[in-house]
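**Q** Quick one, structure for this:
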Amino acid sequence: MPLLVVVLGLTILLLLIIIFKVNAFVAFTISSFIVGIAGGMQLTDVASSVQKGMGDTLGLLVMILGFGAMLGKLVADSGAAQRITTKLIGFFGKKYM
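**A** Have a look, this model is predicted:
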């Protein structure tokens with residue numbers, strides 16, 4: 001039975017994204033709620049589970065994006081980005097910019 005619920009959730013997710021052109025974030029949220037309810041969870045438990053899962057994932061991504069932004073700013077301020085760009089254009093040519 002749990003495998004059937006997972007297959008149902010994936011089918012709903014794909015239908016929402018491919019056929020109905022729903023935003024992927026919204027489609028994931030809707031299918032998560034449907035899988036949780038179909039799996040036998042209470043609605044309040046489903047909501048708190050989705051909230052915890054999203055919070056954990058977004059918390060991890062914030063760290064990665066923050067450090068990436070800081071590294072990008074350091075590369076741009078030091079002039080390294082300009083040197084890298086000049087070398088790549090010299091290597092590949094302006095035709096492939």
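**Q** buried residues in the helix or strand where residue 53 lies?
**A** Under DSSP states H and E, the secondary-structure element containing residue 53 is helix 43-78. With burial defined by 16 or more other Cβ atoms under 10 Å, the residues of helix 43-78 counted as buried are 46, 50. Backbone N, C-alpha and C define where each C-beta goes, glycine included.
**Q** What residues does residue 53 make contact with?
**A** residue 32 (Cβ atoms under 8 Å, 6 or more residues apart in numbering).
**Q** again, 10 Å this time
**A** Residue 53 makes contacts with 28, 32, as judged by Cβ atoms under 10 Å, 6 or more residues apart in numbering.
**Q** Ok, residue 74 next?
**A** Contacts of residue 74 by Cβ under 10 Å, 6+ apart are 80-81.
**Q** And it, how far from residue 56?
**A** 28 Å (Cβ to Cβ, to the nearest Å).
**Q** can you check residue 95 too?
**A** Residue 95 is 46 Å from residue 56, by Cβ to Cβ.
**Q** Next: residue 85.
**A** Going from residue 85 to residue 56 by Cβ to Cβ gives 37 Å.
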